[in-house]
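Asker: Take this sequence and fold it.
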Amino acid sequence: MVVPVAFFGLLFAYPVAAIVGRGLRASGQWHLDRLGHVLTDPGVLDVLWFTVWQAAASTVCTLALALPGAYVFARLDFPGKQLLRAVVTVPFVLPTVVVGSAFLALLGRGGALDEWFGVRLDTSVWAILLAHVFINYAVVIRTVGGLWSQLDPRQEEAARVLGAGRLAAWVRVTLPALAPSIAAAALIVFLFTFTSFGVIQVLGGPRYATLEVEIYRQTAALLDLPTAAVLTLLQFAAVTALLAAHARTVRKRRASLSMVPATQTARRPQSGGQWALLVAVLTVVALLVLVPLGILVERSLDGPDGYGLQHFRALGSVSSSGTFTVAPAAAIGNSLAYAAVATLIALFVGGLAAAALTLRGAGRTTERLVRGFDSMLMLPLGTSAVTVGFGFLIALDEPPLDLRASWIIVPLAQSLVAIPFVVRTTLPVLRAVDARLREAAAVLGASPIRAWREVDLPLVRRAVLVAAGFAFAVSLGEFGATVFIARPDAPTLPVAVARFLGRAGEVNYGQAMAMSTILMLVCTCTLLALERIRTDRSGEF
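Answerer: I've put the predicted structure just below:
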């Protein structure tokens with residue numbers, strides 16, 4: 001645990017504490033009266049209410065649309081299933097600013113719906129909810145569908161033999177087994193939408209703001225660090241409560257269930273109802289996932305002289321508008337290099353953390369310590385990335401930690417978000433390794449390092465590759481912290497997209513769509529590769 005705790009303490013807790021301390025401490029004294037002043041502000045209460053409301057509404061909508069999809073992916077076998085599983089996961093790893101640009105191209109002024117039907121939904125809550133469902137659809141598919149695919153169907157069949165109807169058997173047998181997994185998925189979706197930033201920033205307009213957007217506004221626009229500090233503490237408290245609830249649901253999900261390999265439960269659709277459900281789910285995927293991604297590609301090709309690669313070619317030259325000091329295409333190489341380094345860091349730190357979480361039988365105190373350690377690893381997913389990024393700037397500015405001018409600061413920030421995915425992907429496989437294999441190797445004279453290399457590594461290699469792919473895709477799309485710390489002469493793809501969208505003009509808009517398309521294609525290729533090597537046990541998301 002020592003290396004992960006030190007890593008998170010230095011690069012997560014210290015920057016967050018620094019910015020909170022900078023906001024609430026002055027002249028050597030703490031000014032806690034600011035807490036009451038901010039928390040009773042009507043504007044802040046409105047932001048808090050909208051944050052909770054839109055997160056709850058997004059969660060309900062996501063579950064309603066994705067649970068039928070979880071059944072289809074878990075129980076039905078159909079051509080293109082592996083490809084479709086990768087496609088529905090693409091939105092989850094895309095930067096939220098790219099998701100916002102995709103829905104802006106679909107729902108905004110001059111967008112597809114505006115051109116075809118004269119309908120605009122940008123700067124409305126409906127655009128925000130649709131974008132959140134778009135992002136989190138895969139969370140339910142993978143979290144609930146992953147367990148559902150391994151539940152023994154003979155339990156439900158036995159209930160039907162004993163006289164229960166199809167619905168009653170599902171409600172009394174399958175639903176209780178799935179309930180912890182559904183609760184875990186709901187909590188993850190609520191957590192991600194509660195801390196939503198890029199989607200609200202692009203689609204919400206001036207009318208809507210979440211806590212994360214308000215923290216960014218108070219920090220970057222108004223330089224009001226006391227208010228930003230209070231809002232950060234409020235968000236941190238809410239996230240901690242959500243993670244504690246998530247930890248309980250995960251422990252319940254590990255209860256004894258009759259599990260079988262997923263390959264034994266998926267069958268070709270048999271009844272008319274199954275075929276109808278498959279068609280309905282494919283239609284939802286097409287409208288919810290494929291249409292926004294397709295519109296993104298279409299807008300990237302739609303230039304002033306008709307369809308072509310004009311916007312992509314323009315990325316190779318420095319713009320006269322001064323948006324970048326280098327050719328925008330340089331952001332592609334920067335992002336790939338940063339994401340590769342962040343992946344290596346995440347694999348090292350996350351691998352050690354996952355190994356620590358496999359501890360068993362060490363007493364109740366150690367078990368509680370391990371649970372707290374597990375929750376700590378999840379905190380970066382729910383804590384304000386804006387706070388972390390700005391904290392990097394004000395905390396890591398003195399020797400020996402003066403990293404503001406160093407390129408490594410970006411991969412370090414990205415790895416904080418990637419580590420939880422490494423842990424959740426490798427942990428189930430590490431727990432499945434029989435300890436007696438290591439003991440047998442030790443009896444035969446193998447050192448601990450050799451036993452790990454020849455026993456554990458071959459068993460977990462595929463899960464490590466999957467973890468590396470997820471870490472790479474997530475690092476590639478990190479935006480909230482990177483927007484503060486990426487140097488002007490070395491932008492990343494998400495930062496470049498945000499800069500283009502912040503400038504008026506058809507050329508800037510087209511180049512934003514082109515860079516978003518490039519990022520989408522890289523993520524899609526990564527996820528397709530992961531689908532070919534993934535294991536049934538790899539992943540708790």
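
Asker: Which secondary structure element is home to the nearest residue to L381 once chain neighbours are set aside?
Answerer: With sequence-adjacent residues excluded and distances taken as CB to CB, 6 or more residues apart in numbering, L381 is closest to P420, at 5.4 Å. Glycine gets a C-beta too; all of them are placed from N, C-alpha and C. If you go by DSSP states H and E, P420 is part of helix 409-432.

Asker: what's the answer for H37, then?
Answerer: Per DSSP H and E: helix 33-39 holds H37.

Asker: and the next element down the chain from that helix?
Answerer: Next element after helix 33-39 (DSSP H and E): helix 42-75.

Asker: so where's the protein shaky on pLDDT?
Answerer: 26-29, 31, 205, 246-247, 249-264, 319-325, 359-366, 382, 384, 533-541 (pLDDT under 70).

Asker: Would you mind pulling up the elements that the helix or strand in which A463 is found packs against?
Answerer: Counting by DSSP H and E, the element that carries A463 is helix 457-477. Under the contact criterion of 3 or more CB pairs under 8 Å, 6 or more residues apart in numbering; DSSP states H and E, helix 457-477 touches helix 81-93, helix 330-356, helix 409-432, helix 493-501, helix 506-533.

Asker: now it against helix 81-93, angle please.
Answerer: Angle, helix 457-477 to helix 81-93, by axes from the mean of the first three to the mean of the last three CA atoms, to 10 degrees: 50 degrees.

Asker: Can you dump the C-alpha atoms of helix 457-477 in PDB for me?
Answerer: Output in PDB follows, covering the C-alpha atoms of helix 457-477 (Å, rounded to 0.1, in the frame of the first residue of the first chain):
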ATOM      1  CA  LEU A 457       1.800 -13.000 -14.700                       C
ATOM      2  CA  PRO A 458       0.600 -15.600 -17.200                       C
ATOM      3  CA  LEU A 459      -2.800 -15.800 -15.500                       C
ATOM      4  CA  VAL A 460      -3.300 -12.000 -15.300                       C
ATOM      5  CA  ARG A 461      -1.600 -10.900 -18.500                       C
ATOM      6  CA  ARG A 462      -4.800 -10.500 -20.500                       C
ATOM      7  CA  ALA A 463      -6.400  -8.500 -17.700                       C
ATOM      8  CA  VAL A 464      -3.300  -6.300 -17.500                       C
ATOM      9  CA  LEU A 465      -3.600  -5.600 -21.300                       C
ATOM     10  CA  VAL A 466      -7.300  -4.700 -20.900                       C
ATOM     11  CA  ALA A 467      -6.400  -2.400 -18.000                       C
ATOM     12  CA  ALA A 468      -3.700  -0.800 -20.000                       C
ATOM     13  CA  GLY A 469      -6.100  -0.200 -22.900                       C
ATOM     14  CA  PHE A 470      -8.700   1.400 -20.600                       C
ATOM     15  CA  ALA A 471      -6.100   3.500 -18.800                       C
ATOM     16  CA  PHE A 472      -4.800   4.700 -22.200                       C
ATOM     17  CA  ALA A 473      -8.300   5.600 -23.500                       C
ATOM     18  CA  VAL A 474      -9.300   7.400 -20.300                       C
ATOM     19  CA  SER A 475      -6.000   9.300 -20.100                       C
ATOM     20  CA  LEU A 476      -6.400  10.400 -23.700                       C
ATOM     21  CA  GLY A 477      -9.700  12.000 -22.900                       C
END
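
Asker: And that helix, what's buried?
Answerer: Buried residues in helix 457-477, counted by 16 or more other CB atoms under 10 Å: 460, 462-477.

Asker: One more: stretch 378-394?
Answerer: Per 16+ other CB under 10 Å, stretch 378-394 contains these buried residues: 378-393.

Asker: what angle separates the helix holding P420 from helix 81-93?
Answerer: 140 degrees.

Asker: what about dumping the CA coordinates of helix 409-432 to CSV?
Answerer: Taking Å, rounded to 0.1, in the frame of the first residue of the first chain, the C-alpha atoms of helix 409-432 are listed here in CSV:
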residue,chain,number,x,y,z
ILE,A,409,2.7,17.1,-14.9
VAL,A,410,0.1,16.2,-17.5
PRO,A,411,0.6,12.4,-17.4
LEU,A,412,0.6,12.5,-13.6
ALA,A,413,-2.8,14.2,-13.6
GLN,A,414,-4.1,11.8,-16.2
SER,A,415,-2.9,8.8,-14.3
LEU,A,416,-4.9,9.8,-11.2
VAL,A,417,-8.1,9.2,-13.3
ALA,A,418,-6.7,6.0,-14.9
ILE,A,419,-5.6,4.2,-11.8
PRO,A,420,-9.2,3.3,-10.6
PHE,A,421,-9.8,1.6,-13.9
VAL,A,422,-6.6,-0.4,-13.6
VAL,A,423,-7.6,-1.5,-10.1
ARG,A,424,-11.1,-2.5,-11.0
THR,A,425,-10.0,-4.3,-14.2
THR,A,426,-7.2,-6.4,-12.6
LEU,A,427,-8.6,-7.0,-9.1
PRO,A,428,-11.2,-9.7,-10.0
VAL,A,429,-8.5,-11.7,-11.8
LEU,A,430,-5.9,-11.3,-9.1
ARG,A,431,-8.5,-12.5,-6.5
ALA,A,432,-9.2,-15.5,-8.7
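
Asker: Next, the angle helix 506-533 makes with that helix.
Answerer: Interaxial angle of helix 409-432 relative to helix 506-533 (the same axes, to 10 degrees): 20 degrees.

Asker: Give the next helix or strand downstream of helix 409-432.
Answerer: Toward the C-terminal end, the helix or strand that comes next after helix 409-432 (DSSP H and E) is helix 435-443.

Asker: So what touches that following helix?
Answerer: With CB atoms under 8 Å, 6 or more residues apart in numbering as the test, helix 435-443 has contacts from 448, 450-452, 454-456.

Asker: those strands in the stretch 151-300 of the chain, which residues are they?
Answerer: Ranges of strands in the stretch 151-300 of the chain, per DSSP state E, counting those that start in this stretch: none exist.
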